[in-house]
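K.L.:
sequence-free structure coming up:
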């Protein structure tokens, strides 16, 4: 009987997370467990950490940020603005100093009294809070009450050169609009209001403009089309059984509205009228979100990585403590269980992601030079990817690996842990693998002393022991200020039946 080997190569990791299917049924381009991972190319990397924006907290260390915005006025000055406690703050030119410009405006404190804003010409206009009366910020002086008699509404959007205010205490199903080209006139010719399915007992949650001449309005259990071509604007019901969880449980990306339903599932619009579902790969993860906190789910689109972040409260938490992520490019789920204990989020003009937390501070996420979560008590980012349990059918039902080769980027100071197990066991054996190059990297070693290596990829081998009917591999790093990027795995498998076979896994096998 001849002996031989086969090589199993995993070169595609674009499938993301699958926590719902049985381990042995999950395709090899997916992970059965992962956290704090981003997909890069066809490989994956440890996500970057966050960075403190304002060194001094707004109000106090126990004050939640309930509003976060960005505006660049025509003169060229940029402002990051925020609401915390009973105060409104601004940072000139993103200098990291939050100045109190509240003046005489009343803001009701409370973590769940969230605000929304629109930038209208050189004004930033805010609605929401408890709700409180709307106000404006012009970039100079203090904030001021919005002129005219605007409704004290919970939400706002702008379209066709008007403002649209949604849901007041007296009329929770009502949408009102200002006159054309004047956000401070709500009674003149062209202004008006419309009740949306008034008798269903639900609040009108939000509206999303889908082009210049229409918007889709959401309630908990219905959606409605509102043409915006000419006031007064009619409203037509689209779906009577599809709705959104809360006022901020949506994002609008490339003409598509992604939203979270009251049952904690993601849907999206299709052709403006129909709705589509998404893979149920992480339904079990969504089921960990506290039911009473589903309406507070906060969506934000991070264009740099083509990711939709859903800020959620898992377990028994009454505040957001994690981000469940939909990777639009790869159509895959990811999960960051730390670093995103954020009440609110916003994107600034150059596509940087900022989050407002519960401690009076703002943090920039995915900070290019950070491999730590300074927003957390434990700053180290615990990052890992675990493959499904795979087997090699040509091996007669037994898998006997000789070694695992890891193809990764070179790093200045990183070691990863390679764990593997058999027969659905996990981390039965572990090895530490350095990702440092053979030479010193530029700007690390001393001149005329160090021998410099190249910056690029490397291949490291872990010799293995053991056998079983199936095998899984986990790659992990939980050391502060260390980063890794994995491009592929190659597993050499022994056999007494085959000779020199190579199997490359690059798709859904």
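P.N.:
Yep, it's here. A quick note: this is a predicted structure, and the numbers were derived from the prediction, not measured.

K.L.:
which regions of the chain sit below the pLDDT cut-off?
P.N.:
1-4, 272, 393-396, 438-455, 495-509 (pLDDT under 70).

K.L.:
Which residue ranges of it form helices?
P.N.:
283-286 (DSSP state H).

K.L.:
what about the nearest residue to residue 89 once chain neighbours are set aside, how many residues close to it?
P.N.:
Excluding the flanking residues, the one nearest residue 89 by C-beta to C-beta, 6 or more residues apart in numbering is residue 98, at 3.9 Å. Yep, even glycine has a C-beta here, placed from its N, CA and C like the rest. Using other C-beta atoms under 10 Å, residue 98 is surrounded by 27 other residues.

K.L.:
Residue 98 contacts residue 91, correct?
P.N.:
Yes - using C-beta atoms under 8 Å, residue 98 is in contact with residue 91, at 5.4 Å.

K.L.:
list residues touching both of the two?
P.N.:
Both residue 98 and residue 91 are in contact with residue 54, where contact means C-beta atoms under 8 Å, 6 or more residues apart in numbering.

K.L.:
Quick one: the strands in the stretch 51-200 of the chain, in order.
P.N.:
Applying DSSP state E, counting those that start in this stretch to the stretch 51-200 of the chain gives strands spanning 51-52, 65-72, 78-84, 87-92, 99-100, 115-120, 123-128, 132-137, 144-145, 155-159, 162-166, 174-177, 192-195.

K.L.:
So in that sheet, which strands flank the first one, and in what orientation?
P.N.:
Looking at strand 51-52 with DSSP bridges, its paired strands and their directions are strand 362-364 (antiparallel).

K.L.:
Give me the contact list for the strand it pairs with.
P.N.:
With C-beta under 8 Å, 6+ apart as the test, strand 362-364 has contacts from 50-54, 65, 68, 80, 82, 98, 342, 352-357, 374-375.

K.L.:
repeat that for 7 Å
P.N.:
Strand 362-364 is touched from outside by 50-54, 65, 68, 82, 352-357, 375, with contacts defined as C-beta atoms under 7 Å, 6 or more residues apart in numbering.

K.L.:
Which residue would you name as the spatial centre of this structure?
P.N.:
residue 309 (1.7 Å; C-alpha atoms, centre = their mean).

K.L.:
so where do the strands sit in the stretch 401-509 of the chain?
P.N.:
Counting by DSSP E, counting those that start in this stretch, the strands of the stretch 401-509 of the chain are 415-422, 429-434, 457-463, 471-477, 485-495, 501-505.

K.L.:
Which among those is found nearest to residue 257?
P.N.:
strand 485-495 (33.1 Å; C-beta to C-beta).

K.L.:
mind listing what the nearest residue to residue 8 once chain neighbours are set aside touches?
P.N.:
Of all residues not flanking residue 8 in the chain, residue 491 sits nearest, at 4.5 Å (C-beta to C-beta, 6+ apart). Shown in contact with residue 491 (C-beta under 7 Å, 6+ apart): 7-8, 401, 404.

K.L.:
and the closest residue to residue 240 other than its chain neighbours, how far is that from residue 268?
P.N.:
Distances taken as C-beta to C-beta, 6+ apart place residue 222 nearest to residue 240, at 5.4 Å, with adjacent residues excluded. Residue 222 sits at a distance of 17 Å from residue 268 (criterion: C-beta to C-beta, to the nearest Å).

K.L.:
try residue 319
P.N.:
Shown here: residue 319 relative to residue 268, a distance of 27 Å by C-beta to C-beta.

K.L.:
The residue nearest to residue 240 - how many residues pack around it?
P.N.:
Look at residue 222: counted by other C-beta under 10 Å, it has 20 neighbours.

K.L.:
That one and residue 156, how far apart?
P.N.:
Using C-beta to C-beta, one gets 20 Å for the distance from residue 222 to residue 156.

K.L.:
The closest residue to residue 181 other than its chain neighbours - how many residues pack around it?
P.N.:
Closest residue to residue 181 apart from its sequence neighbours, by C-beta to C-beta, 6+ apart: residue 161 at 5.1 Å. Neighbourhood size, residue 161 [other C-beta under 10 Å]: 14.

K.L.:
Residue 313 too?
P.N.:
Per other C-beta under 10 Å, the neighbour tally for residue 313 reads 21.
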